[in-house]
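Novice: have a look at this prediction, sequence included:
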Amino acid sequence: MYWIIIFIILLTACQQPTGEQVFQPDPVRMVLRPAGADTLAGEPGIDAVPTPENEPNKIQIQWYRHHQINNLDRFLVYRSADPQGIKNYRVVGEVPANVSGKVDSVYYDTQDLSNNVRYYYYVTAVGHTGKESLPSDTVSYRLLEKAVKLSLNGNASVVSEPVMEFEWWIQSGNTPDQYILRIERFVSADFHPLAFVRMIRSNYQTPQTFRLEGNELKSLFPNGDYRWRIDCVGREDVVNQYFEGSESNWQLFKIRWND
């Protein structure tokens, strides 16, 4: 009996995994998209991402830096067009963790995206031993048709008088309820602080125009290089309107006031 007991103890010990093998990362914490995110400087959370005019928008998925990052190998991004049931999700991308010089808390989805389809995402963390965390919170986004044929003062590349007339088109004519005009000071590809943002009520026609004028523009926009774009905002009758939209490509221009 003594040897049987010893054998059972040894067998049980052999079957116990080591601490490293049982390490399972904590779930990923998603950056949730606040109301009015498109008017904020950083535009946090899930969002459309500008692309060239003939390409569909990307979708940005964002999460907080993981507190166990030194023990992680990668993050997996899952997507589904059907929110019901985890079996409907598939991996659409992965992000290496803790690689020097690489951002490991954001992913841009470009795979077979279509307008007017709501996509659902969650993210998991995978440890060095291959153990995967439980899923993060689920976030979703629906891409709308984006504005095209953007024009400032009749396609002028330089603004020298205090009048700025913006024009854009929705190719299909299915205009949204609201737009957002976003203007940034273009210092470099990595530094472009927000200079101006304005919600614009749709006139439900295309092209849509918006005009800024007056000498106050000279103080609002000092001489320099700028870029602008138009965001389409989800319908007002939709509860999650801030989780759907589109962003046009950027248009560059210069301001050189004639003083």
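Specialist: Received the coordinates, thanks. Numbers count the residues shown, from 1 in each chain.
Novice: and the nearest residue to Gly173 once chain neighbours are set aside, how close does it get to Arg90?
Specialist: Counting by C-beta to C-beta, 6 or more residues apart in numbering, Thr206 is the residue found nearest to Gly173 once chain neighbours are left out, at 5.7 Å. Where you see a C-beta, it was placed from the backbone N, CA and C, and this is true even at glycine. Distance, Thr206 to Arg90, using C-beta to C-beta, to the nearest Å: 36 Å.
Novice: for Lys102, what are its contacts?
Specialist: By C-beta atoms under 8 Å, 6 or more residues apart in numbering, the residues touching Lys102 are Pro96.
Novice: coming back round to it: which one's more surrounded, Thr206 and Arg90?
Specialist: Thr206 (18 against 9; other C-beta atoms under 10 Å).
Novice: so that one sits right up against Asn174, yeah?
Specialist: No - the pair Thr206 and Asn174 fails to qualify as a contact (C-beta atoms under 8 Å) at a distance of 9.2 Å.
Novice: any idea of the pLDDT on Ser246?
Specialist: Looking at Ser246, its pLDDT reads 95.
Novice: neighbours around it, how many?
Specialist: Residues near Ser246, counting by other C-beta under 10 Å: 24.
Novice: which element, helix or strand, includes it?
Specialist: Using DSSP states H and E, Ser246 sits in strand 244-247.
Novice: got a list of contacts for that strand?
Specialist: With C-beta under 8 Å, 6+ apart as the test, strand 244-247 has contacts from 38, 47-50, 57, 115, 118, 141-147, 176, 229-234, 238.
Novice: helices of the chain, residue ranges please.
Specialist: Using DSSP state H, the helices of the chain run over residues 2-15, 19-22, 216-220.
Novice: can you show me the strands along the stretch 151-259 of the chain?
Specialist: 158-159, 163-169, 178-185, 194-201, 208-213, 224-233, 244-247, 251-255 (DSSP state E, counting those that start in this stretch).
Novice: can you tell me which of the ones you listed is most buried?
Specialist: Compared across these, strand 244-247 shows the largest average neighbour count, a mean of 23 (mean count of other C-beta atoms under 10 Å).
Novice: pairing partners for that strand, with directions?
Specialist: Using DSSP bridges, strand 244-247 pairs in its sheet with strand 139-143 (parallel), strand 224-233 (antiparallel).
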